[in-house]
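A.B. asks: the following block contains a protein sequence and its predicted model.
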Amino acid sequence: MAGTGLASFFRNSVRRRSARRDVNRGATSDESKSESARRPGERSPFCYSPGQFFFEYLVVVSLKKKLGGDYEPKIIYQFPKRENLLRGQKEEEERLLQAIPLFCFPDGNHWAPLTEYTSETFSFVLTNVDGSRKIGYCRRLLPVGRGPRFPEVFCIISCLGCFGLFSKILDEVEKRRQISMAVIYPFMQGLRECPFPAPGKTVTIKSFIPDSGTELIELTRPLDSWLEHVEFQALLQRLSPENILWLFASAVLERRIIFVAEELSVLSQCIHAVAALLYPFSWAHTYIPVVPECLIDTVCCPTPFMVGVQKRCLEQVLDQPMEEVLLVDLCEGTFLRSVGDEGNILPAKLHTEMLTSLKTHNSNNNIQTSEQVNTHVSEAFIQFFVRTVGHYTSYLKWNKSGQGSFQEKAFCKAVTSKSCRKFVKRFVRTQMFSLFIQEAERSRITQEGYFQRKVTEYQEQKKKQRRNS
């Protein structure tokens with residue numbers, strides 16, 4: 001593919017935002033608009049506005065033979081085709097469409113025609129210059145036909161983070177692909193004409209299928225926004241509770257983390273799950289669920305990152321000059337490299353309580369559905385942040401013009417537990433905390449997101465305990 005397009009997206013993906021202490025608080029008007037639209041406790045790296053399209057593009061990527069005999073991924077279908085774009089819009093579209101094929105087939109040229117192939121679902125994230133992210137939701141499948149043939153990837157590009165919902169859409173796309181490509185278009189056209197539902201709401205799509213008639217397809221957006229594109233079960237199946245906490249400790253201090261697995265779907269699901277454990281905070285650094293093989297040499301940069309690599313590339317990864325990295329083998333459930341202090345980062349008492357909660361899940365046969373697993377697991381990590389930094393609103397001071405100022409020193413000093421205070425002093429230096437506080441400083445009105453409700457519940461519980469003591 002054209003190097004400039006991929007290089008542009010990759011440079012943006014490996015960017016590192018400046019820390020709160022190092023940036024001018026007087027953001028530009030555009031920056032202010034985009035940041036103030038988000039709410040403390042409800043942060044998401046993906047944009048959403050009511051009535052927004054479900055997706056920007058559906059593309060189909062297949063492998064085509066080059067003159068030298070190798071194969072390269074190429075877009076063979078695109079919907080919609082956009083016309084009359086401004087020059088800047090056209091250039092951005094070209095960069096996007098040049099980057100997509102490589103992320104649809106990140107495993108390079110390791111392909112030969114097949115007669116059988118189990119379809120798999122995965123995703124990737126591309127970051128624009130302005131920091132906004134586009135997600136590629138992918139379904140790789142073997143098209144209907146006779147004889148050996150190459151798989152193809154159906155990729156839906158959207159700036160909306162909702163992995164489970166788009167997985168259901170891809171199920172419908174795959175079902176129609178088994179009939180004809182022509183049946184996919186009216187379904188996607190109907191989907192594009194529907195507004196993206198608000199949390200907890202459902203939209204119904206009418207779609208005609210030959211020999212089956214008109215179908216009504218219901219698509220429901222989860223009520224809890226931070227769990228929209230998450231399957232914690234994938235993580236629990238591959239790592240022990242203790243290792244999950246080591247991984248969480250590394251992520252919360254924004255270290256370099258590399259995941260290794262055979263399947264693209266495993267990499268995608270596990271990295272999404274780890275990022276979701278950070279709620280109400282968001283990973284603000286390099287985030288590439290599946291790194292294309294040709295970019296592995298470049299991705300091992302000195303800044304924080306969370307990336308996934310297929311196991312066939314493990315030797316190539318191990319040859320990289322990396323310092324302070326956590327290398328997670330999702331196939332074996334072990335760490336191939338670690339810093340060595342991961343078990344001592346979290347406060348001991350809270351570490352034990354979270355470990356007990358995760359072990360309880362493993363032994364609780366009553367918790368079965370994906371939603372139940374997500375709720376149980378996320379609650380343990382939300383409570384961790386409630387108890388360590390939930391008092392942040394008490395240390396926001398406001399001037400007459402309504403501008404907030406966070407009293408960091410007093411905030412840290414207010415933590416009574418010595419082990420918790422040690423952790424908090426490290427955590428306040430991270431990008432994720434700095435960006436969270438930036439948003440909180442912009443509005444004196446505390447938004448009642450899920451995290452804030454949990455903080456209020458915890459504080460009320462403490463007051464009740466003091467009254468009864």
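C.D. replies: Received, thanks.
A.B. asks: so which bits of stretch 138-150 are buried?
C.D. replies: Neighbour-count burial for stretch 138-150, with 16 or more other C-beta atoms under 10 Å as criterion, is recorded at 138-142, 149-150. Bear in mind the C-beta positions are built from the backbone N, C-alpha and C, glycine included.
A.B. asks: do the same with stretch 379-386
C.D. replies: In terms of neighbour count (16+ other C-beta under 10 Å), stretch 379-386 has its buried residues at 380-386.
A.B. asks: how about stretch 278-294?
C.D. replies: Across stretch 278-294, burial judged by 16+ other C-beta under 10 Å covers 278-293.
A.B. asks: kindly report the same for stretch 454-469.
C.D. replies: So for stretch 454-469, counting by 16+ other C-beta under 10 Å, buried means 454-455.
A.B. asks: can you give me the helices in the stretch 1-150 of the chain?
C.D. replies: 3-13, 29-36, 87-104 (DSSP state H, counting those that start in this stretch).
A.B. asks: touching, Leu96 and Ile157? I think so.
C.D. replies: Yes. Between Leu96 and Ile157 there is a contact at 7.2 Å, judged by C-beta atoms under 8 Å.
A.B. asks: anything in contact with each of those two?
C.D. replies: Residues touching both Leu96 and Ile157 (C-beta atoms under 8 Å, 6 or more residues apart in numbering): 57, 134.
A.B. asks: any chance of the backbone angles for Ser240?
C.D. replies: phi -70, psi 160 (degrees, to the nearest 10).
A.B. asks: coming back round to it: mean pLDDT for the helices of the stretch 1-150 of the chain: which is lowest?
C.D. replies: Least confidently modelled of those is helix 29-36, at a mean of 34 by mean pLDDT.
A.B. asks: Leu216: neighbouring residues, count only.
C.D. replies: 8 (other C-beta atoms under 10 Å).
A.B. asks: I meant to write Phe79 there.
C.D. replies: Neighbour count of Phe79, defined by other C-beta under 10 Å: 15.
A.B. asks: contacts only, for Glu353.
C.D. replies: Counting by C-beta under 8 Å, 6+ apart, Glu353 makes contact with 380, 383.
A.B. asks: phi first, then psi, for it.
C.D. replies: Backbone torsions for Glu353, taken as degrees, to the nearest 10, come to phi -70, psi -40.
A.B. asks: helix or strand for Leu435, which one?
C.D. replies: According to DSSP states H and E, Leu435 maps onto helix 431-442.
A.B. asks: elements contacting that helix?
C.D. replies: On a contact count with 3 or more C-beta pairs under 8 Å, 6 or more residues apart in numbering; DSSP states H and E, helix 431-442 meets helix 29-36, strand 404-406.
A.B. asks: ok now that helix, how far from the chain's centre?
C.D. replies: 19 Å (C-alpha atoms, centre = their mean, to the nearest Å).
A.B. asks: let me know the average pLDDT across that helix.
C.D. replies: The pLDDT scores in helix 431-442 average 91.
A.B. asks: what's the helix or strand just after that helix packed up against?
C.D. replies: Next along the chain after helix 431-442, taking DSSP H and E as the criterion, comes helix 450-468. Applying 3+ C-beta pairs under 8 Å, 6+ apart, one finds that helix 450-468 makes contact with helix 370-389.
A.B. asks: show me where the chain has strands.
C.D. replies: Per DSSP state E, the chain carries strands over the ranges 57-65, 71-79, 120-127, 133-141, 152-158, 202-209, 213-220, 256-261, 286-288, 305-310, 325-329, 334-337, 396-398, 404-406.
A.B. asks: those into a markdown table, with extra columns for distance to Gly343 and mean pLDDT?
C.D. replies: Listed next are the strands of the chain as a markdown table, based on distance: least, C-beta to C-beta, whole Å; pLDDT from 0 to 100:
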| stretch | distance to Gly343 | mean pLDDT |
| --- | --- | --- |
| strand 57-65 | 42 | 90 |
| strand 71-79 | 42 | 90 |
| strand 120-127 | 30 | 84 |
| strand 133-141 | 32 | 90 |
| strand 152-158 | 38 | 93 |
| strand 202-209 | 44 | 84 |
| strand 213-220 | 40 | 84 |
| strand 256-261 | 16 | 95 |
| strand 286-288 | 25 | 86 |
| strand 305-310 | 20 | 92 |
| strand 325-329 | 12 | 95 |
| strand 334-337 | 11 | 95 |
| strand 396-398 | 33 | 91 |
| strand 404-406 | 30 | 92 |
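A.B. asks: need the ones you listed in CSV with distance to Thr360, can you?
C.D. replies: Formatted as CSV, these follow (distance: least, C-beta to C-beta, whole Å):
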stretch, distance to Thr360
strand 57-65, 42
strand 71-79, 44
strand 120-127, 29
strand 133-141, 33
strand 152-158, 36
strand 202-209, 33
strand 213-220, 29
strand 256-261, 25
strand 286-288, 30
strand 305-310, 27
strand 325-329, 23
strand 334-337, 23
strand 396-398, 35
strand 404-406, 36
